[in-house]
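*Asks:* got a sequence here, can you build the structure:
(chains A and B)
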Amino acid sequence: MSGKASRVDLSRRVVTYYLVFGLAAVIWLALGMVFVAKAVVEAQSESESFTRLGEAAGSIRAAAARRDVALQNLVERFHAKWSLAYCAVSSADGLFVAHSASNLVGTRRMAPTGEVACWGDIQRTRFIAEDSRVLREYQTPVRCGKESSGTLIMAVRDFGGWRPLIIAADHAPMVFLAPMAFVFLGAIVMRRAVRPVAPIEDQLHRLAGRQAITPEDIQPVAVVDPVSAGWNRLVDGYSRCNPMGSMDRRLSQALEGYRHHKLDRILNSLPHGIAVTDEQDRITFANRALVGLLGMAGSEGTLLGKTMQECLALTSGERRAEPLLDPAQRGRMVIVEIGRGGDMSRGVFRVARAPQCSPQAERSPSHVWCIRDITQQKLADQMREQFVNAATHELRTPLANIKAYAETLALSEIIDVEQQKSFCNTINEEVSRLSRFVDDLLYLSRMEVGSTPLNPQITSIERLLRETVAKVRPQMDQKRIALDVELPAKLPELVVDKDKIAVALVNLLGNAAKYTPEGGRVRLHVEAKDRTLQIDVEDTGIGISVGELPKILEKFFRSSDPRVQEQTGSGLGLSLTNEIVRLHGGKLTVQSELNKGSRFTVMLPMVTEKGKCSSA
Amino acid sequence: MRVLVAEDNVAMSSVIAFNLKKAGMEVVCAASGETAWKLLQQGDFDFLVTDFQMPGMDGGELCGRIRQEPRLAALPVILLTAKGLEIDAAYYRETLGVSAVLGKPFSPRELTRLVQERLAAAASIEQTG
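*Replies:* Here you go, the predicted model:
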């Protein structure tokens, strides 16, 4: 049987106990039999003795009545007949008148001492004779003459201990062997009955030592009786309801995994870069956004294990990164703005690092990082600052001039008339310049904010163009610039804001005139195709450098080219034009080559019906 | 007294020159920081009036350079600026020894007076020192 060697199975134990007690019972029975045999034999012997005693007494009385007093013969006869130990008659005065041992006749009787029992007249004494035999002596009063009475004495041998045993042994097969046989048979039967329980007991033993029960621990057994059948039902029932247990486990595992997965998905969906670093600042988690931010898309795995310092290229030299490298600040939230790869011009990151809540505060904690790309924000800030600076300058410069000239005129005592006139003209010019700037600025601001809505009306484009050309021609003629106007034969009437488009065109043509040296050419080319009106203003002027071309439409941008600086300009004209074109749903593009010339192209969607005008 | 006026706006430098000349000074105009620097190194000037915002080398940089040059370290300077409160006037006055920082628009008469005062003070120090 499986299991520990020291352990004894139930079935074996049961059978053993059964055998032990069974055998004990049988042995006790056998012993009992012996005693019974002994008692029976004794009783038999007793009654036999009584009978003989009675007989003998009767014989003696009969003999006495016949006056045939041959007591001695009688006694001897009895002694021989019944195999007595001895037989005797004693007189009233205690002398043997007859004795089977004839030499004892006439001697005094010595009544033996021993165990005495009385039955009426009969007295029996059990005693141990001189030759160590156990004798039973019976005595009874007897008439052995006319007037004389004596005592009849008979002694028989008591049976030795062995006699009953022998008798019992005769009955041994009956008394002893048969019960034994039954007991052993019973043991076999019992063993067979108890054996099916053994595997069950085995399994129960195993279960006793376990913490948790799995279906594998409980097996069905061979069905031989209701117990094993019941066990199998139990196993079956358990394995059926236990899937709930394992399902429960699987469910909680799945939920855990789902939560994990969900958190993972959430973190990976965030637009900000999130990372977790351990106590040694090595990255243990990095979301997708961070990988993208650091320019390592597609190689998420390689971030893990690297230190954040490495990834952000933090060096102790960069002042801005100091708080991140300062060990004293590890326990606090730190927010810094650093350049991408250490270089602010390549992009700006806003890095926030917070210590992860940890019960053990003494160790340098692990951290959670949140990194945002604020390059656009910074650029916007920069632009706003530029705007403010530029606006300030453009507003204050003319004011300064006006004040200076006005004061000089007022306070100076001797200024010749020509000089005075010149000064006054300067003041005038400055006022105009300032006024124009203020107008442009307000116009642009209002348009951007949306408080100057377009006023689209059905307009004759042709007429608009011709009017615009007429406006700029004096400027062109002054510099002897040839203006070529190429218009298609038939231009449709479009829905546009006439005044604003006029402003835009004047600006473009005015620029062309301003920035083209004397004797140059300006070409105004208009064509309508694919529902788009294309207006090109091309010049042979000073052009725009490659570096400045992208910024040309920015507010306040003025080229640093001295030829441009020479000319007055607020830097707002092109951004104003661009805004007007944009509001009409169109697009302004620039092509240019330094010192060769520039071409500004306006594409306007042709809207012929008022309702369909798209405003920005 | 030779005064150098560094100012990119021609109208402005003209009116400043006019006023200073009226006060009896000799005025030379420079349209940029670089030009001013060159002229200062070559020539001999007693005063510098400079605009702050100029293309290329701005007025602040010009002042810095002057103070590092031993020959020009003591040159009196007045700074003109359209920036007003955005400029750290105290820095220029205390660290770079600029006599005055004037915000635009300013009074040319005031400017002239300041220049004259400063020159007079310098002259008296020379006399006594």
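
*Asks:* what does chain A put close to chain B?
*Replies:* Residues of chain A found near chain B (C-beta under 8 Å from any C-beta of the partner chain) are A:389, A:392-393, A:395-397, A:399-405, A:407-408, A:411-412, A:423, A:426, A:429-430, A:560, A:565. Glycine gets a C-beta too; all of them are placed from N, C-alpha and C.

*Asks:* which of those count as buried?
*Replies:* Buried members of the residues of chain A next to chain B, scored by 16 or more other C-beta atoms under 10 Å in any protein chain shown, are A:392-393, A:395-397, A:399-405, A:407-408, A:412, A:423, A:426, A:429-430.

*Asks:* okay, which residue is most central for chain A?
*Replies:* A:Glu256 (4.3 Å; C-alpha atoms, centre = their mean).

*Asks:* in chain B, which residue is closest to the centre?
*Replies:* Central residue of chain B (C-alpha atoms, centre = their mean): B:Val49, at 2.0 Å.

*Asks:* now the strands for the stretch 301-450 of chain A?
*Replies:* For the stretch 301-450 of chain A, the strands defined by DSSP state E, counting those that start in this stretch occupy A:334-340, A:343-355, A:367-373.

*Asks:* TSV please, covering the ones you listed and showing distance to A:Gly571.
*Replies:* Formatted as TSV, the strands of the stretch 301-450 of chain A follow (distance: least, C-beta to C-beta, whole Å):
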stretch	distance to A:Gly571
strand A:334-340	28
strand A:343-355	23
strand A:367-373	29
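
*Asks:* mind checking pLDDT for the residue nearest to the centre of chain A?
*Replies:* For A:Glu256, the pLDDT comes out at 84.

*Asks:* could you do A:His584 as well?
*Replies:* 91.

*Asks:* and the nearest residue to it once chain neighbours are set aside, what does it touch?
*Replies:* Of all residues not flanking A:His584 in the chain, A:Leu604 sits nearest, at 5.6 Å (C-beta to C-beta, 6 or more residues apart in numbering or on different chains). The contact partners of A:Leu604, taken as C-beta atoms under 8 Å, 6 or more residues apart in numbering or on different chains, are A:Leu494, A:Val496, A:Thr532, A:Leu533, A:Gln534, A:Ile535, A:Val581, A:His584, A:Gly585, A:Gly586.

*Asks:* quick one: strands adjacent to whichever strand or helix holds A:Leu604?
*Replies:* A:Leu604 belongs to strand A:597-605 when elements are defined using DSSP states H and E. Using DSSP bridges, strand A:597-605 pairs in its sheet with strand A:532-539 (antiparallel), strand A:587-593 (antiparallel).

*Asks:* pipe the ones you listed into JSON lines and attach distance to A:Thr375 and mean pLDDT per row.
*Replies:* What follows is the strands paired with strand A:597-605, written out as JSON lines (distance: least, C-beta to C-beta, whole Å; pLDDT from 0 to 100):
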{"stretch": "strand A:532-539", "distance to A:Thr375": "34", "mean pLDDT": "93"}
{"stretch": "strand A:587-593", "distance to A:Thr375": "25", "mean pLDDT": "94"}
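
*Asks:* re earlier: from A:Gln534, how far out is the residue nearest to A:His584?
*Replies:* In this view, A:Leu604 and A:Gln534 are 8 Å apart by C-beta to C-beta, to the nearest Å.

*Asks:* what sits in contact with each of the two?
*Replies:* Residues touching both A:Leu604 and A:Gln534 (C-beta under 8 Å, 6+ apart): there are none.

*Asks:* which parts of chain B are strands?
*Replies:* B:2-6, B:26-30, B:47-51, B:77-81, B:100-103 (DSSP state E).

*Asks:* hey, where'd the helices end up in the stretch 151-300 of chain A?
*Replies:* Secondary structure of the stretch 151-300 of chain A by DSSP state H, counting those that start in this stretch: the helices cover A:162-170, A:172, A:178-194, A:197-208, A:226-269, A:288-293.

*Asks:* pick the most deeply packed of those.
*Replies:* Each of these was scored by mean neighbour count; the highest is helix A:288-293, a mean of 20, by mean count of other C-beta atoms under 10 Å in any protein chain shown.

*Asks:* what is it packed up against?
*Replies:* Secondary-structure packing of helix A:288-293 (3 or more C-beta pairs under 8 Å, 6 or more residues apart in numbering or on different chains; DSSP states H and E): strand A:273-277, strand A:367-373.

*Asks:* tilt between the longest helix along chain A and helix A:197-208?
*Replies:* Taking DSSP state H as the criterion, chain A has its longest helix at helix A:10-65. Calculated by axes from the mean of the first three to the mean of the last three C-alpha atoms, to 10 degrees, helix A:10-65 forms an angle of 130 degrees with helix A:197-208.

*Asks:* who are the packing partners of helix A:10-65?
*Replies:* Counting contacts by 3+ C-beta pairs under 8 Å, 6+ apart, helix A:10-65 packs against helix A:71-82, strand A:122-128, strand A:134-143, strand A:149-157, helix A:162-170, helix A:178-194, helix A:197-208.

*Asks:* mean confidence (pLDDT) on it, please.
*Replies:* Helix A:10-65 shows a mean pLDDT of 84.

*Asks:* one step back: want to throw the contacts of A:Leu604 into JSON lines with neighbour count?
*Replies:* Compiled in JSON lines, these are given as follows (neighbours: other C-beta atoms under 10 Å in any protein chain shown):
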{"residue": "A:Leu494", "neighbour count": "24"}
{"residue": "A:Val496", "neighbour count": "25"}
{"residue": "A:Thr532", "neighbour count": "14"}
{"residue": "A:Leu533", "neighbour count": "22"}
{"residue": "A:Gln534", "neighbour count": "15"}
{"residue": "A:Ile535", "neighbour count": "24"}
{"residue": "A:Val581", "neighbour count": "21"}
{"residue": "A:His584", "neighbour count": "27"}
{"residue": "A:Gly585", "neighbour count": "15"}
{"residue": "A:Gly586", "neighbour count": "21"}
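
*Asks:* what about stretch A:513-528, start to end distance?
*Replies:* Stretch A:513-528 has an end-to-end distance of 25 Å (C-alpha to C-alpha, to the nearest Å).

*Asks:* and stretch A:156-170, by the same measure?
*Replies:* End-to-end distance of stretch A:156-170: 24 Å, with C-alpha to C-alpha as the criterion.

*Asks:* report the contact partners of the residue in the stretch 51-200 of chain A that chain B sits nearest to.
*Replies:* Of all residues in the stretch 51-200 of chain A, the one sitting closest to chain B is A:Ile200 (95.5 Å; C-beta to the nearest C-beta). The neighbours of A:Ile200, taking C-beta under 8 Å, 6+ apart as the test, are A:Val221, A:Val227, A:Ser228, A:Trp231.
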